[in-house]
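Trainee: fold the following.
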Amino acid sequence: EQANDGGGEGGEGKSAKAAAAAVAPRRRAPVQWTGVEQGTFVQLLGAHGRDWAAIAAALGSKSEAQVRAYFTTSKARLGLGAVLATYEAAQDEAAQAATAAHA
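Mentor: Numbering: from 1, shown residues only. All right, here's what the predicted structure looks like:
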């Protein structure tokens, strides 16, 4: 008799599963946001716009990627598009005022 060389049905199934597991990306558990973090995020979005690094730094408890993902997944539910539009309008107004001051 030969020793098990990995051939046969049992060995192939295990190695195929192991190969699939090694290639498949791991899904991370959703990041939970507290009510305080959610409210602070909305305020910071109004102050920093899409500067995810600044928002993450100010929050201190979330990474830049987590902040960006939260914006994307919560945009419609929390009306974040309107908050961002208000920020962008204020930025445009400030830029026009600066331009007019130099003219």
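
Trainee: surely residue 54 meets residue 60?
Mentor: No: counting by C-beta atoms under 8 Å, residue 60 is not a contact partner of residue 54; they are 11.8 Å apart. To be clear about C-beta, it is placed using only N, CA and C from the backbone, and glycine gets the same treatment.

Trainee: the more surrounded of these two?
Mentor: The residue with more neighbours, out of residue 54 and residue 60, is residue 54; 15 against 8, by other C-beta atoms under 10 Å.

Trainee: list the buried residues in stretch 60-76.
Mentor: Buried positions in stretch 60-76, judged by neighbour count with 16 or more other C-beta atoms under 10 Å: 62, 66-68, 70-71.

Trainee: now do stretch 30-37: distance to the chain's middle.
Mentor: Its chain's average C-alpha position is 13 Å from that of stretch 30-37, according to C-alpha atoms, centre = their mean, to the nearest Å.

Trainee: list the buried residues in it.
Mentor: Neighbour-count burial for stretch 30-37 flags 33, 37 (criterion: 16+ other C-beta under 10 Å).

Trainee: end-to-end on it?
Mentor: Across stretch 30-37, the straight-line distance between its terminal residues is 15 Å, by C-alpha to C-alpha, to the nearest Å.

Trainee: low pLDDT regions in this structure?
Mentor: Within the chain, the segments meeting pLDDT under 70 span 1-14, 16-26.

Trainee: quick one: contacts for the residue nearest the centre of it?
Mentor: Closest to where the C-alpha atoms of the chain average out (C-alpha atoms, centre = their mean) is residue 69, at 2.4 Å. Applying C-beta atoms under 8 Å, 6 or more residues apart in numbering, one finds that residue 69 lies in contact with residue 31.

Trainee: just the CA atoms of the helix or strand that contains it, as PDB, please.
Mentor: Secondary structure assigned from DSSP states H and E places residue 69 in helix 64-78. As requested, the backbone C-alpha atoms of helix 64-78 are provided in PDB (Å, rounded to 0.1, in the frame of the first residue of the first chain):
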ATOM      1  CA  GLU A  64     -10.300  57.200   6.600                       C
ATOM      2  CA  ALA A  65     -11.700  54.100   4.700                       C
ATOM      3  CA  GLN A  66     -14.400  53.600   7.400                       C
ATOM      4  CA  VAL A  67     -15.400  57.300   7.100                       C
ATOM      5  CA  ARG A  68     -15.600  57.100   3.400                       C
ATOM      6  CA  ALA A  69     -17.600  53.900   3.500                       C
ATOM      7  CA  TYR A  70     -20.000  55.300   6.100                       C
ATOM      8  CA  PHE A  71     -20.600  58.300   3.900                       C
ATOM      9  CA  THR A  72     -21.300  56.100   0.900                       C
ATOM     10  CA  THR A  73     -23.700  53.700   2.700                       C
ATOM     11  CA  SER A  74     -25.500  56.400   4.800                       C
ATOM     12  CA  LYS A  75     -25.700  59.200   2.200                       C
ATOM     13  CA  ALA A  76     -29.400  58.800   1.300                       C
ATOM     14  CA  ARG A  77     -30.600  57.700   4.700                       C
ATOM     15  CA  LEU A  78     -29.100  60.600   6.500                       C
END
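
Trainee: if anything else comes up later, I'll come back, but that's it for now.
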